[in-house]
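[1] Build the 3D model from these lines:
(one chain, ligands or ions: 2)
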Amino acid sequence: MARTGNRNIQAKLVLLGDMGTGKTSLVLRFVKGQFFDYQESTIGAAFFTQILSLNEATVKFDIWDTAGQERYHSLAPMYYRGAAAAVIVYDITSMDSFGRAKKWVEELQRQGNPNMVMVLVGNKADLEATRKVVTEEGEQYAKENGMFFMESSAKTAQNVNEIFYEIAKRLAKAS
Ligand code: GDP
Ligand code: MG
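    Ligands and ions are numbered 1, 2, ... in the order given. Coordinates of the predicted model:
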């Protein structure tokens, strides 16, 4: 059996994406196991920590959530400076949000830490009836840009833990 907790990794993780795509909801689902139907966009606690234990390492995430600044389609580079991982979120029912996600990816590729673990997330997968972005589109874009891809739902909890476990595994492998 692998020893547990034999390495401690601390990693800054940031969330990027359009307003309303579910960034805060994903964090609250992951950290607190809760979901709120009417998320106040202005309630940005902005900072959360969560620990994930893998066989090979213990990863402590310092999670930075936005407090609504993404409304202006810009974020200070200070927000993602030093980030080991970035979760770029779009809403599968909004083609606009998918377009914005690509812009965030491009910005990180230009200005972010080159070793950053980047994950593209199509959230609100429970809203299949009003889907606008087909799965393959997200998948394909992520593949072209060397990113891990997943569709999730903060509402049903589908794939939420999986996103963070995958990031933790990649960070453990890289360190
Ligand atoms: P943020 O602006 O990116 O932080 O988005 P929020 O987390 O504030 O979510 C915006 C709205 O979408 C809120 O009303 C949430 O309840 C809702 N929401 C977030 N994630 C999901 C999801 O996976 N499914 C559904 N149906 N609604 C979601
Ligand atoms: Mg938010």
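[2] worst-scoring helix or strand of the chain, pLDDT-wise?
    Every helix and strand in the chain was compared by mean pLDDT, DSSP states H and E; the lowest is helix 77-80, with a mean of 84.
[3] which stretches of this structure form strands?
    Applying DSSP state E to the chain gives strands spanning 8-17, 47-53, 58-64, 85-91, 117-123, 148-151.
[4] circling back to that earlier point, list the helices and strands the least confident helix or strand of the chain packs on?
    strand 8-17, helix 95-111 (3 or more CB pairs under 8 Å, 6 or more residues apart in numbering; DSSP states H and E). No exception for glycine: its C-beta is placed from N, CA and C like everyone else's.
[5] Any idea which of the ones you listed gets closest to ligand 1?
    Closest of these to ligand 1 is strand 8-17, at 5.9 Å (criterion: CB to the nearest ligand atom).
[6] Which pLDDT does the model give whichever residue of the chain sits closest to ligand 2?
    In the chain, no residue comes nearer to ligand 2 than residue 24, which is 3.3 Å away by CB to the ion. The model reports residue 24 with a pLDDT of 92.
[7] residues near it, how many?
    26 (other CB atoms under 10 Å).
[8] Settle this for me: it is touching residue 64, isn't it.
    No. Counting by CB atoms under 8 Å, residue 24 stays clear of residue 64, with 11.5 Å between them.
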